[in-house]
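Undergrad: using only what follows, build the 3D model:
(one chain, ligands or ions: 2)
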Amino acid sequence: MDEKSKSADLPKVLVLGLDPLGKSAVGSIFAANQIIELPYDLEKFMETTIDPQPLMVFFGPAPEGVNLIEVAQISRMQFQNSAIFFVTPSRTGFDRKIIQKNGFTDAFLMPIDLDSLKEAIKELVARAVSGTKVYRNVQLVDLQPGQALDFDTYMFMPVNKKHIKFSAEGDEVDPERLDRLKSKSMASLQVTTDQIKKFYEFTARQLKSIDGNARLSETEKRDRMKTAVRTIMTGMFNDSSVEATVDAGRSIVSDCQEIIKSYISMGDSKSSGGDWYGRLLAATGAEGGVYNHSGNVATFSALFSMASGIGKPEDLALAGLLHDMGLADVPADIQEKPESERTREEQETYKKHVEHTLNMIKFRKMILPDAVTKAISQHHERYSGTGYPKGLAGNRIAQEAQVLALADEFDYRTMTKEGRPRMTPSAAFKQIYDENLKNASQAQFDLEILKRFIHMFPEEEKAS
Ligand SMILES: [Fe+2]
Ligand SMILES: [Fe+2]
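TA: Ligands and ions are numbered 1, 2, ... in the order given. Just a heads-up that it's a prediction; the model follows:
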């Protein structure tokens, strides 16, 4: 009981729509003034600010018309660092694994899980009190001998579940030592969340310096860039210690997004007032934890541009952010249907989104580089000439548009759908490549462009 008496500086928890048993579990651990009860209303919830962030958020069964995935997503967006628990007395549709995949930290069925709920709460409280650090997996790209890191790195030892320091801020990391670490698949490098921003900036600088390195030939540059981009993307995706869940998928994309954001803001801090990209990301709602197609496509497009040498990464990032703006004028039910289920008329309505986007750009008097406008207007054209809106074929389609289209396809295939683990980048790329190859008369991509990415997505060893 003495824990309750010093509640002033103890963390807060949020409670939405809990059943009496769930409530009593929370109430048995937290003092009344630590528990904030909110109405189960997602719109109001989105406006809730609590500083510092609550330690945990407890959701009861979702009210009519509210979908659990949405609950998890919105909660993640509001409170990135809070644990989100789903507590329900209803057995119908209760599948802990699926609920976790959809973004909840954990799920508990009342009354049978009452004790494990209490345990989970206590464990988190204990961790918060002891100030345990939060670690993120990272990949260091293009590390050169003698290069110093401006953040600490740690190694995770799965055997005793401990983190040990691998290098300290300011240390030179010996690439050989790093290789040795990588060859032991048991360990990967980690950075604490309070230093993760430094890691993003470091990675962006690494990418910039490959690009700006006058001593490298074009081919050497491209090779190093490809390796770097592959390391950033697949290294994180393939990390076996991270399960293929919504959460894992999201954190990878947001890591990449942060790197691209740093990269772009480094590029033209003088000419256009610094962080235009960051502001645009925020304005288009592409920032934060929630799945956002445009934000992802922007990130993938920029990475693909770096790896292939096609276009400028900042142009492709911008095109990615804007490419589907016009979907706002297409009814949601048509958007949600897979293409194969749309009627002819619905498909025609859907296709109009390209035109709507271009109109919006005109209407807002946005002045865009030519490559950006082309990429946007041609992102549904197909190399075989079977795309829309113009049915352009072959070289009449801008290469930037093909890179954007690849990022678009890539995002559709790697994003996590409800209850289904995401496809890995390599698997997604292989699928796109094979489809393109098998059905040349319908081909979406120039095979020569796809080939530039093959080495970026190595075939995976079959996990049986
Ligand atoms: Fe589109
Ligand atoms: Fe799209």
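Undergrad: all contacts plus neighbour counts: C-alpha atoms, from now on.
TA: Will do.
Undergrad: and for D434, the neighbour number?
TA: 11 (other CA atoms under 10 Å).
Undergrad: and it, backbone torsions?
TA: Main-chain torsions, D434, degrees, to the nearest 10: phi -60, psi -40.
Undergrad: need the pLDDT of it.
TA: On pLDDT, D434 comes in at 96.
Undergrad: ok, it to Y350 distance?
TA: Counting by CA to CA, to the nearest Å, the separation of D434 from Y350 is 26 Å.
Undergrad: wasn't E448 part of a helix?
TA: Yes: with DSSP: H, G, I helix; E, B strand; the rest coil as the criterion, E448 is located in a helix.
Undergrad: what about the closest residue to G22 other than its chain neighbours, which SS state?
TA: Closest residue to G22 apart from its sequence neighbours, by CA to CA, 6 or more residues apart in numbering: V87 at 6.6 Å. Following three-state DSSP, the label given to V87 is strand.
Undergrad: E381 in helix, strand or coil?
TA: coil.
Undergrad: tell me which element A72 is part of?
TA: In this structure, A72 sits in helix 68-78 according to DSSP states H and E.
Undergrad: and that helix, how far out from the chain middle?
TA: 14 Å (CA atoms, centre = their mean, to the nearest Å).
Undergrad: for it, packing partners?
TA: If you count contacts as 3 or more CA pairs under 8 Å, 6 or more residues apart in numbering; DSSP states H and E, helix 68-78 packs onto helix 42-46, strand 83-88.
Undergrad: among these, which is nearest L124?
TA: L124 lies closest to strand 83-88 among the helices and strands packed on helix 68-78, at 8.5 Å (CA to CA).
Undergrad: buried set for the closest one?
TA: 83-88 (16 or more other CA atoms under 10 Å).
Undergrad: in a markdown table: the residues you listed, plus pLDDT and distance to M360.
TA: Formatted as a markdown table, the buried residues of strand 83-88 follow (pLDDT from 0 to 100; distance: CA to CA, whole Å):
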| residue | pLDDT | distance to M360 |
| --- | --- | --- |
| A83 | 87 | 39 |
| I84 | 91 | 38 |
| F85 | 94 | 41 |
| F86 | 95 | 41 |
| V87 | 95 | 44 |
| T88 | 93 | 45 |
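Undergrad: before we move on, the earlier item: ok, the residue nearest to G22 - contacts?
TA: 18-19, 22, 58-61, 107-110 (CA atoms under 8 Å, 6 or more residues apart in numbering).
Undergrad: try 6 Å this time
TA: 60, 107-108 (CA atoms under 6 Å, 6 or more residues apart in numbering).
Undergrad: repeat for M266
TA: Per CA under 6 Å, 6+ apart, neighbours of M266: none.
Undergrad: sorry, back to before: with distance to A393 as added columns, please give the helices and strands packed on helix 68-78 in TSV.
TA: Listed next are the helices and strands packed on helix 68-78 as TSV, based on distance: least, CA to CA, whole Å:
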stretch	distance to A393
helix 42-46	45
strand 83-88	49
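Undergrad: figure out which of those is closest to E345.
TA: Nearest of the helices and strands packed on helix 68-78 to E345, taken as CA to CA: helix 42-46 at 33.4 Å.
Undergrad: which parts of the stretch 101-250 of the chain are strands?
TA: 106-109, 135-137, 153-157, 162-167, 189-192 (DSSP state E, counting those that start in this stretch).
Undergrad: max pairwise distance over the buried residues of strand 83-88: which two?
TA: A83 and T88, at 16.3 Å, using CA to CA across those.
Undergrad: thinking again about what came up before, and the direction of the helix holding A72 versus that of strand 83-88, what angle?
TA: Angle between the axes of helix 68-78 and strand 83-88 is 150 degrees (criterion: axes from the mean of the first three to the mean of the last three CA atoms, to 10 degrees).
Undergrad: alpha carbons of helix 68-78, as CSV, please.
TA: Only the C-alpha atoms of helix 68-78 are listed here, as CSV (Å, rounded to 0.1, in the frame of the first residue of the first chain):
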residue,chain,number,x,y,z
LEU,A,68,-10.2,-2.7,-32.8
ILE,A,69,-7.3,-2.1,-35.2
GLU,A,70,-8.4,1.6,-35.3
VAL,A,71,-8.3,1.6,-31.5
ALA,A,72,-4.8,0.3,-31.4
GLN,A,73,-3.6,2.6,-34.2
ILE,A,74,-5.0,5.7,-32.7
SER,A,75,-3.7,4.8,-29.3
ARG,A,76,-0.2,4.2,-30.7
MET,A,77,-0.4,7.6,-32.5
GLN,A,78,-1.4,9.4,-29.3
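Undergrad: got the buried residues for it?
TA: When burial is assessed from 16+ other CA under 10 Å, helix 68-78 yields the following buried residues: 68-69, 71-78.
Undergrad: on that earlier part again, and L322, which of the strands of the stretch 101-250 of the chain is closest to it?
TA: strand 135-137 (30.0 Å).
Undergrad: give the rounded mean pLDDT of the strand or helix carrying M360.
TA: Using DSSP H and E, M360 maps to helix 353-363. Mean per-residue pLDDT for helix 353-363: 94.
Undergrad: can I get it in PDB, CA atoms only?
TA: Output in PDB follows, covering the C-alpha atoms of helix 353-363 (Å, rounded to 0.1, in the frame of the first residue of the first chain):
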ATOM      1  CA  HIS A 353      -7.800   9.900 -58.700                       C
ATOM      2  CA  VAL A 354      -4.800  10.700 -60.900                       C
ATOM      3  CA  GLU A 355      -6.600  13.600 -62.500                       C
ATOM      4  CA  HIS A 356      -8.000  14.800 -59.200                       C
ATOM      5  CA  THR A 357      -4.400  14.900 -57.800                       C
ATOM      6  CA  LEU A 358      -3.200  17.000 -60.700                       C
ATOM      7  CA  ASN A 359      -6.100  19.300 -60.300                       C
ATOM      8  CA  MET A 360      -5.400  19.800 -56.600                       C
ATOM      9  CA  ILE A 361      -1.800  20.600 -57.400                       C
ATOM     10  CA  LYS A 362      -2.900  23.200 -59.900                       C
ATOM     11  CA  PHE A 363      -5.600  24.600 -57.600                       C
END
